[in-house]
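J.: show me how the following folds:
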Amino acid sequence: MGYTIGFGFFLVPLVVCLIPAMRCHSVLTAAQRTSVFLCAVSFPLITFIRSGVLKSDDYGFRAPYVMQFLLLLVGSEFIRPGFGSEVGGDPSGCAEMAFFITSLFKHPSADQAQNVCHRYGIQYLVDNIYDPVWRDKRSWVWALTPAVADPEFRALDCR
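T.: Residues are numbered from 1 along each chain as shown. Model (predicted):
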């Protein structure tokens, strides 16, 4: 339980990466194998080694950062076109979905944005000052109701 709380999100990429490999549906890449190996080596160190220098700054408290970084690298491999198809999802609709979501950031109207949201079950759209659609005051960025807004960032309710 302590490791689950300590690692939180960072355990998700490890599980997502390992389950298909353990079921022989996929083979881990060299980078994934290296990351999994380093995590496996780090785990006993995190569990059993303690700092003898500072009583208040336990090695076990800081050591998971190395493992979290490795798991972040593993997780970053899943954030790319394909939308999870490498872990068992159906990739047939990914290209179409990517096209429509990408088009949202090229000056569509609020109606177009809401249609895409309803079509793909998107609840919130996020935009910031670096997207071209931000500069168009007639776009969905300014027409939809903001859930969170500040001068450089908006999360908009698209339900």
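
J.: would you mind giving the domain segments of the protein?
T.: 2-79, 92-157 (automatic domain parsing).

J.: let's have these in JSON lines, adding mean neighbour count and mean pLDDT.
T.: C-betas here are computed from N, CA, C, even on glycine. JSON lines is the format used below for the domains of the chain (neighbours: other CB atoms under 10 Å; pLDDT from 0 to 100):
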{"stretch": "domain 2-79", "mean neighbour count": "14", "mean pLDDT": "70"}
{"stretch": "domain 92-157", "mean neighbour count": "15", "mean pLDDT": "85"}
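
J.: all the strands of the protein, residue numbers only.
T.: When assigned using DSSP state E, the strands of the chain occupy the ranges 124-128, 146-150, 153-157.

J.: nearest to residue 105 among those strands would be which one?
T.: strand 124-128 (7.4 Å; CB to CB).

J.: other SSEs contacting that closest one?
T.: strand 153-157 (3 or more CB pairs under 8 Å, 6 or more residues apart in numbering; DSSP states H and E).

J.: remind me what the strand it packs on packs against, helices and strands.
T.: Using 3+ CB pairs under 8 Å, 6+ apart: strand 153-157 touches strand 124-128, helix 140-143, strand 146-150.

J.: name the helices or strands packed onto the second one?
T.: Applying 3+ CB pairs under 8 Å, 6+ apart, we find helix 140-143 packed against helix 110-120, strand 153-157.

J.: the ones you listed into JSON lines, with extra columns for distance to residue 64?
T.: Shown next, in JSON lines, are these (distance: least, CB to CB, whole Å):
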{"stretch": "helix 110-120", "distance to residue 64": "35"}
{"stretch": "strand 153-157", "distance to residue 64": "29"}
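
J.: of all the ones you listed, which one is nearest residue 47?
T.: Closest to residue 47 of the helices and strands packed on helix 140-143, according to CB to CB: strand 153-157, at 38.4 Å.

J.: list the strands paired with the closest one, with their directions.
T.: If you go by DSSP bridges, strand 153-157 pairs up with strand 124-128 (antiparallel), strand 146-150 (antiparallel).

J.: reformat the ones you listed as CSV; add distance to residue 36.
T.: Shown next, in CSV, are the strands paired with strand 153-157 (distance: least, CB to CB, whole Å):
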stretch, distance to residue 36
strand 124-128, 31
strand 146-150, 36
